[in-house]
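**Q** would you be able to build a 3D model of this:
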Amino acid sequence: MFVDEDFSLEPYPAESEKTVYQLTLAASTETIEDRQSIPEDLDEMEPGPYLAAILSSLDLSRLSGDDVVTSMRAQQRLISHDQAGLYAAMVETAHCVAADTTERSPVIEDFAPEEIGAALTLTRRMSNDELGVAFDLDSRLPHVARAMRSGDLDARKARILSRDTAHLDSQTANEVVDVILPEAPSLTTGQIRARLRKLCVEADLADAMSRYERSLTERKVVAEENAEGTATFIISQASPEDVLAARDHVNRLVKRLKSDDDPRNIDQIRADIALALLQDELSGSGKGMEVR
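**A** Residues are numbered from 1 along each chain as shown. Below is the predicted model of the structure:
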């Protein structure tokens with residue numbers, strides 16, 4: 001009998017056995033009183049094809065509430081992992097020379113935003129923004145990209161870490177990000193922004209003051225229509241002191257004007273008073289104040 005000397009009957013290594021087990025479980029329909037079970041270690045599974053196979057086999061309507069939440073966390077890890085892959089593909093696309101060759105250019109091709117926009121049905125502005133984040137994570141903040149690939153950090157938080165440190169040099173940005181990155185998975189985007197603002201100021205006070213002064217020079221009024229037919233009036237880039245003083249002034253007037261028979265809520269009264277002040281339509285003083 002012919003025997004292939006290269007053929008081995010050695011058992012699967014431990015990792016392969018785990019993979020076979022996971023894929024077998026993904027194909028199973030094990031139930032307990034019409035309930036589907038999930039792997040005990042689903043919360044610890046690394047994102048990738050095996051986790052994707054497990055999740056694709058689950059019928060959420062047959063899971064307990066706790067298992068649904070566990071699968072939701074796993075889905076988010078997988079989405080973060082895949083988003084990191086998408087960003088890597090964007091970077092690679094930007095260096096592709098042509099559709100029919102594997103040749104790469106050392107510089108970004110001019111057509112890259114259009115190519116990405118067409119492939120993902122994005123506007124040019126959106127494709128430019130996303131490509132910018134992709135390159136930033138690839139070259140300036142690789143730790144953030146790794147956190148995404150491992151499923152620990154979602155794309156929303158990664159974008160904040162990228163954009164809110166864009167004014168810092170690479171070394172300072174990484175120092176700031178390295179402080180917040182370990183706890184970022186458990187923070188909201190608002191909490192991350194607040195921490196970043198504080199850390200950026202501490203990292204480079206002179207730069208923070210310069211950006212503040214420059215931002216003040218860009219203060220402006222913006223009026224825009226809303227989809228419902230209403231409109232929004234915004235004063236942006238003003239100093240915090242002026243904004244707080246204006247807010248407190250409006251609140252004092254609200255206390256004077258609010259009466260028990262007024263059908264408006266506090267926010268509505270604030271809006272009406274602010275607009276009246278800007279149109280010079282508020283008259284009287286004290287309890288006698290009224291909107292003309």
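**Q** from here on, contacts and neighbour counts on C-alpha atoms
**A** OK.
**Q** so the residue nearest to the spatial centre of the chain is in which element?
**A** Nearest residue to the geometric centre of the chain (Cα atoms, centre = their mean): R156, 0.9 Å. According to DSSP states H and E, R156 maps onto helix 155-163.
**Q** list of residues touching that helix?
**A** With Cα atoms under 8 Å, 6 or more residues apart in numbering as the test, helix 155-163 has contacts from 80, 83-84, 133, 136-137, 141, 144-145, 148, 177, 184, 189, 192-193, 196.
**Q** would you list every one of the strands in the stretch 101-250 of the chain?
**A** Applying DSSP state E, counting those that start in this stretch to the stretch 101-250 of the chain gives strands spanning 220-225, 231-236.
**Q** how about TSV for the ones you listed, with mean neighbour count and distance to D204 added?
**A** Shown next, in TSV, are the strands of the stretch 101-250 of the chain (neighbours: other Cα atoms under 10 Å; distance: least, Cα to Cα, whole Å):
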stretch	mean neighbour count	distance to D204
strand 220-225	10	27
strand 231-236	11	24
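**Q** same list (those strands) but as TSV, adding mean pLDDT and distance to E114.
**A** Shown next, in TSV, are these (pLDDT from 0 to 100; distance: least, Cα to Cα, whole Å):
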stretch	mean pLDDT	distance to E114
strand 220-225	95	29
strand 231-236	94	32
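**Q** could you export the ones you listed as TSV, including distance to R247?
**A** Listed next are the strands of the stretch 101-250 of the chain as TSV, based on distance: least, Cα to Cα, whole Å:
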stretch	distance to R247
strand 220-225	16
strand 231-236	12
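**Q** ok, which of those comes nearest D267?
**A** For the strands of the stretch 101-250 of the chain, proximity to D267 was assessed by Cα to Cα; strand 231-236 is nearest, at 14.1 Å.
**Q** and the protein, what are its domains?
**A** 14-163, 172-217, 220-291 (automatic domain parsing).
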